[in-house]
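S.K.: Sharing a model prediction with you, sequence too.
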Protein chains: 2
Amino acid sequence: MRGVVMHAPGDVRVEDVEEPQILKPTDAIIRLSATCICGSDLWPYRGADHLSGPLHMGHEYAGIVEEIGAGVSLIRPGQFVVGSFFASDNTCEICRAGYHTSCIHREVLGTSGAAQAERMRVPLADGTLVATPDAPSDVLIPSYLAASDVLGTGWFGAVAAEAGPGKTVAVVGDGAVGLLAVLAAKQLGAERIIAMSRHQPRQQLALEFGATDIVAERGDEGVAKIKDLTDGLGAHSVVEAVGTQESMMQAIRSTRPGGHVGFVGVLHGVELRGDDIFMTHVHLHGGPAPVRRFLPQLMDLIRNRTIDPGRVFDLALPLDQAAEGYRAMDERRAIKVLLRP
Amino acid sequence: MRGVVMHAPGDVRVEDVEEPQILKPTDAIIRLSATCICGSDLWPYRGADHLSGPLHMGHEYAGIVEEIGAGVSLIRPGQFVVGSFFASDNTCEICRAGYHTSCIHREVLGTSGAAQAERMRVPLADGTLVATPDAPSDVLIPSYLAASDVLGTGWFGAVAAEAGPGKTVAVVGDGAVGLLAVLAAKQLGAERIIAMSRHQPRQQLALEFGATDIVAERGDEGVAKIKDLTDGLGAHSVVEAVGTQESMMQAIRSTRPGGHVGFVGVLHGVELRGDDIFMTHVHLHGGPAPVRRFLPQLMDLIRNRTIDPGRVFDLALPLDQAAEGYRAMDERRAIKVLLRP
């Protein structure tokens, strides 16, 4: 079958790769209906993450179950399913508390679970996958695919920031996760939603997803603008969806005392000094989003067409043109690229 | 009048100092019934905080109102009152959200508000001070004094760590704040309370305040012991009541994914790397405790003798012997020293 392999920074190829197989009784094999390129795939693409060898890419997936191991009982061949980037059992005490990405039996997807391919292996299928009650309309597939990571991650950011009625929410970062954190804040009932973005097409999508204000400034100026909009106090809730020192500090400093920062950008080289977190009185919570916690609810909202998160895909390409998809995202010509196997 | 002045690390003297005066219409002057030495007073005493000149000491106070400014309407001369280490208006949006120590009109007590003295000035008296309904029995004065800082701080640590029914709470630090975080966790209904202490008299007091387990180990061994006691997962709630890099990391690493760290030890030289907080999935919240939020509730619990936080004072001295009080705390011969003006 065909699959995407990164050989070096900037060097992405679509190659013949090994077919995935059932390795454990709890595995399932799915045929991808659609997959996509993640902002986090750009870290190794740009050389910011070390590549120790050729890397089979992709961790966002939606598709049809083709085969299950002998120990799988809840998921059946033929179902349309969505899963998340870590496999989880959905039964341990940590999963029951809603932290599936820290499941005590957590598994990374690995090479045979690389999603930028025609098929993939999903471990712990009963715990990891959520099926729709019937075959979805093709038009909904991008939205289901978004639920696999960027929607679930933006949603977790908004939940971690305690977005809700009466709250002013600010979102740092205008990638797919940031834009979907805007959508999440809107669904969670936030009163005012400030999107921090300097790119017109992304500002536009943020407004369509529910942003009430746009702040184009960054750093000190961005913080000052947020304070101006909030009686000098800062936002109640701030979602950090980038992961750099600058963006994390912008998020903390834009939050009022007693407010909440939800950080979901994978932190790269961030160091917080005691003073940054002690005197500010903010709440900090985040990490790899436990998307599985939210999947049933998010898939219902997609199915009944309450939300349309698939709109973050502004470029769709055949899997064989994955290299062009990486270039488009790297050059910020595309917000997020969907790949059709 | 007499007051305590620190001239250099290790050099604490009781001297004739200027009488406090009403400087603003919102001020009150109180005569101290009792005051005390704080663990945080040991930072400059040990040279860990820079002293730029002679420092009038003390920020914990309970006493009788002697005089009020023309703008004070809720507090009256003759009342027995308790206040906290920052003055706050108790009316701004930040105070109403419970973060009085970040009040937009916050004032530090300053030289005329130094509490290790016979009298002190309290700014924003209506917002800062809470009065008892009647003159308290002498036997309760140490407990009211504890409410001024160490009880309120330990309580905030337990609240920030979301201690409550069904939770396992661990407390890092066996000073007065840590011990009173144990008391707070018990009052908040925690199921299991693990005190981390290697000092027998402090272990004993922790047990009397409600600890169910004692862990004497620190660092990696301490974390391993907490994991052993919690099915390998870590505690739901951890209170950090020290403020060093080691204690903060011990707190974070003792917390299960999705759990809460409440940090109230004044952070000294602490740096958290992104990895420390991203993959751990903990909630972090803390800072200077908004004691004023809790004072009415805590003073009621003291008045009806539900709690006896004054037991942390294991040495009481006349104000004139303050230097011996500092030595006793520095050498850990005393948990906390009460001074009688």
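M.R.: Right, received. Where do you want to start?
S.K.: how much space between A:Tyr326 and A:Thr244?
M.R.: Shown here: A:Tyr326 relative to A:Thr244, a distance of 20 Å by C-beta to C-beta, to the nearest Å. (Each C-beta comes from the backbone N, C-alpha and C, glycine too.)
S.K.: Show me which of these two is the more surrounded one.
M.R.: A:Tyr326 (23 against 17; other C-beta atoms under 10 Å in any protein chain shown).
S.K.: any weak-confidence spans in chain A?
M.R.: Residue ranges of chain A with pLDDT under 70: none are present.
S.K.: how about stretch A:229-248, does it get close to chain B?
M.R.: Yes - using C-beta under 8 Å from any C-beta of the partner chain, stretch A:229-248 comes into contact with chain B via A:231-233, A:243, A:248.
S.K.: So which bits of the stretch 151-300 of chain A are right by chain B?
M.R.: Selection of the stretch 151-300 of chain A residues close to chain B by C-beta under 8 Å from any C-beta yields A:231-233, A:243, A:248, A:256-258, A:263, A:266-275, A:277-288.
S.K.: Please check these and keep the buried ones.
M.R.: When those are checked for burial by 16 or more other C-beta atoms under 10 Å in any protein chain shown, the buried set is A:233, A:243, A:248, A:256-258, A:263, A:266-268, A:270, A:272, A:274, A:277-278, A:280-288.
S.K.: Take the residues of stretch A:229-248 next to chain B and keep only those in helices.
M.R.: A:Met248 (DSSP state H).
S.K.: Of the residues of stretch A:229-248 next to chain B, just say which sits nearest to B:His100.
M.R.: A:Leu233 (14.4 Å; C-beta to C-beta).
S.K.: List the buried residues for stretch A:101-111?
M.R.: By neighbour count, and taking 16+ other C-beta under 10 Å as the criterion, the buried residues in stretch A:101-111 are A:101-103, A:105-107, A:109, A:111.
S.K.: Give me the nearest residue to the residue in the stretch 51-200 of chain A positioned nearest to chain B, chain neighbours excluded.
M.R.: Using C-beta to the nearest C-beta, the single residue of the stretch 51-200 of chain A nearest to chain B is A:Ser102, 3.3 Å away. Here the nearest residue to A:Ser102 in space, its sequence neighbours aside, is B:Pro257; by C-beta to C-beta, 6 or more residues apart in numbering or on different chains that works out to 3.3 Å.
S.K.: would you turn the buried residues of stretch A:101-111 into CSV with secondary structure?
M.R.: Listed next are the buried residues of stretch A:101-111 as CSV, based on DSSP: H, G, I helix; E, B strand; the rest coil:
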residue, secondary structure
A:Thr101, helix
A:Ser102, helix
A:Cys103, coil
A:His105, coil
A:Arg106, coil
A:Glu107, strand
A:Leu109, coil
A:Thr111, helix
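S.K.: which residues touch A:Val172?
M.R.: By C-beta atoms under 8 Å, 6 or more residues apart in numbering or on different chains, the contact list for A:Val172 reads A:178, A:196, A:222, A:238-242, A:247, A:250-251, A:254.
S.K.: hmm, 10 Å instead?
M.R.: Taking C-beta atoms under 10 Å, 6 or more residues apart in numbering or on different chains, we find A:Val172 in contact with A:157, A:178, A:181, A:194-197, A:215, A:218, A:222, A:226, A:238-242, A:244, A:246-252, A:254, A:261, A:263, A:265.
S.K.: Would you mind checking the residues you listed for buried ones?
M.R.: Judged by neighbour count, with buriedness set by 16+ other C-beta under 10 Å, the buried members of the contacts of A:Val172 are A:157, A:178, A:181, A:194-197, A:215, A:218, A:222, A:226, A:238-242, A:244, A:247-252, A:254, A:261, A:263, A:265.
S.K.: Give me the neighbour count for A:Pro142.
M.R.: Taking other C-beta under 10 Å as the neighbour definition, A:Pro142 ends up with a count of 23.
S.K.: what's the helix or strand for the residue nearest to A:Ser102?
M.R.: Secondary structure assigned from DSSP states H and E places B:Pro257 in strand B:255-263.
S.K.: Only the C-alpha atoms, please, for that strand, written as PDB.
M.R.: Once non-C-alpha atoms are left out, strand B:255-263 reads as follows in PDB (Å, rounded to 0.1, in the frame of the first residue of the first chain):
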ATOM      1  CA  THR B 255       0.300  14.000  41.400                       C
ATOM      2  CA  ARG B 256      -1.700  11.700  39.100                       C
ATOM      3  CA  PRO B 257      -2.600  12.700  35.600                       C
ATOM      4  CA  GLY B 258      -5.600  15.000  35.800                       C
ATOM      5  CA  GLY B 259      -4.800  15.800  39.500                       C
ATOM      6  CA  HIS B 260      -4.200  19.200  41.100                       C
ATOM      7  CA  VAL B 261      -1.100  20.800  42.600                       C
ATOM      8  CA  GLY B 262      -1.900  23.700  44.900                       C
ATOM      9  CA  PHE B 263       1.400  25.600  45.500                       C
END
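S.K.: picking up where we left off before, most widely separated two among the buried residues of stretch A:101-111?
M.R.: A:Ser102 and A:Thr111 (22.7 Å).
S.K.: just the helices in chain A please.
M.R.: Along chain A, the segments classed as helices by DSSP H run A:42-45, A:93-96, A:125-128, A:141-147, A:150-160, A:176-187, A:200-209, A:219-229, A:245-253, A:274-278, A:291-303, A:322-330.
S.K.: where's the last one relative to the chain centroid, distance-wise?
M.R.: In this case it means helix A:322-330. Taking the mean of its C-alpha atoms, helix A:322-330 sits 18 Å from the chain's own mean (C-alpha atoms, centre = their mean, to the nearest Å).
S.K.: Closest to A:Lys24 out of the residues of stretch A:229-248 next to chain B?
M.R.: Distance ranking of the residues of stretch A:229-248 next to chain B against A:Lys24, using C-beta to C-beta, places A:Gly243 first at 32.5 Å.
S.K.: any idea how far that closest one is from A:Ser40?
M.R.: Taking C-beta to C-beta as the measure, A:Gly243 falls 9 Å from A:Ser40.
S.K.: Check the contact lists of the two and give me the overlap.
M.R.: Overlap between the neighbourhoods of A:Gly243 and A:Ser40 consists of A:177, A:265-266, A:268, taking contacts as C-beta under 10 Å, 6+ apart.
S.K.: OK, contacts around the closest residue to A:Gly310 other than its chain neighbours?
M.R.: Nearest residue to A:Gly310 in three dimensions, chain neighbours excluded: A:Pro142, at 2.9 Å (C-beta to C-beta, 6+ apart). If a contact means C-beta under 10 Å, 6+ apart, then A:Pro142 has A:33-34, A:36, A:62, A:302, A:308-313, A:316, A:336, A:338 as its contacts.
S.K.: what about 7 Å?
M.R.: With contacts defined as C-beta atoms under 7 Å, 6 or more residues apart in numbering or on different chains, the neighbours of A:Pro142 are A:34, A:310, A:313, A:338.
S.K.: Tabulate the residues you listed in CSV, adding columns for neighbour count.
M.R.: Listed next are those as CSV, based on neighbours: other C-beta atoms under 10 Å in any protein chain shown:
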residue, neighbour count
A:Ala34, 24
A:Gly310, 20
A:Phe313, 23
A:Leu338, 22
